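> Can you look at this prediction? I've put the sequence above it.
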Amino acid sequence: PNDDTPSFEFIDEEAKVTFSCRLDSREFSACKSPKNYAHREDGSHTFRVRATDRAGNTSSVTRYTWTIDTVAPVLAITQKPPDPSRDSTARFEFSATDATAVTFRCQLDTSAVASCASPLTYSGLAPGVHTFTARATDAAGNVSNAASYGWAVADTLAPGDVRRIKR
């Protein structure tokens, strides 16, 4: 699907036939197998082929429809914790621009990258600097830019009791 240079191979049961091919709204024209096309635009396409024998009999049209999608989705983090944060819990919301199904992969700091969904909440975060990173992959396998956000979790522990007062 994200190959913009499609190639089609075809055969007929009858020997010594000639083929005619048509791509999208173009007219049928003589062709041979394999039939290659260079740099087709994104979107839906239909390839058609028919065979004609030496007696002039023409087969029915065989067609193949597919969609080319070479555009990666754009990923955006739409909700994130403030920086700095006094909360050891962080909630993220994210989305991708794509008309097809999108899957997400996320990572917090140096943890393993894993499948995820929006919204995503992390809890029990230690004080310090953290980084959240996400990527989106569309149905054609195009991978988005990495969207990252770094923030600091402030020390949330209250100081101990005052032990001594000096006058």
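Yep, it's here. If you're wondering where the values come from, they're calculated on a predicted model, not measured in any experiment.

> List the contacts of the lowest-mean-pLDDT helix or strand in the chain.
The least trusted helix or strand in the chain, going by mean pLDDT, DSSP states H and E, turns out to be strand 62-68, with a mean of 92. Under the contact criterion CB atoms under 8 Å, 6 or more residues apart in numbering, strand 62-68 has outside partners 1-4, 6, 8, 10, 40-50, 140. (C-beta placed from N, C-alpha, C; glycine too.)

> so what's residue 91 up against?
With CB under 8 Å, 6+ apart as the criterion, the residues that contact residue 91 are 79, 80, 81, 119, 120, 121.

> Can you tell me the SS state at it?
When classified by DSSP: H, G, I helix; E, B strand; the rest coil, residue 91 comes out as strand.

> can you pull the pLDDT of it?
If you check residue 91, the pLDDT there is 98.

> in stretch 130-140, what counts as buried?
By neighbour count with 16 or more other CB atoms under 10 Å, stretch 130-140 contains the buried residues 130, 132, 133, 134, 135, 136, 137, 138, 139, 140.

> Next, count neighbours for the nearest residue to residue 93 once chain neighbours are set aside.
Using CB to CB, 6 or more residues apart in numbering and skipping residues adjacent in sequence, the residue nearest residue 93 is residue 79, 3.7 Å away. Using other CB atoms under 10 Å, residue 79 is surrounded by 11 other residues.

> what sits against residue 79?
For residue 79, the contact set (CB under 8 Å, 6+ apart) comprises 91, 92, 93, 119.

> ok so, going back, using CSV, write out every CA atom in the least confident helix or strand of the chain.
Output for strand 62-68, consisting of C-alpha atoms alone and laid out as CSV, is shown next (Å, rounded to 0.1, in the frame of the first residue of the first chain):
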residue,chain,number,x,y,z
THR,A,62,-9.9,-8.6,-14.4
ARG,A,63,-9.4,-5.8,-12.0
TYR,A,64,-7.4,-5.0,-8.9
THR,A,65,-8.1,-2.0,-6.7
TRP,A,66,-5.6,-0.7,-4.0
THR,A,67,-4.7,2.4,-2.1
ILE,A,68,-1.3,4.0,-2.1
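
> If you count neighbours, what's buried in that strand?
Of the residues in strand 62-68, those buried by neighbour count under the rule 16+ other CB under 10 Å are residue 68.

> Cool, thanks, talk later.
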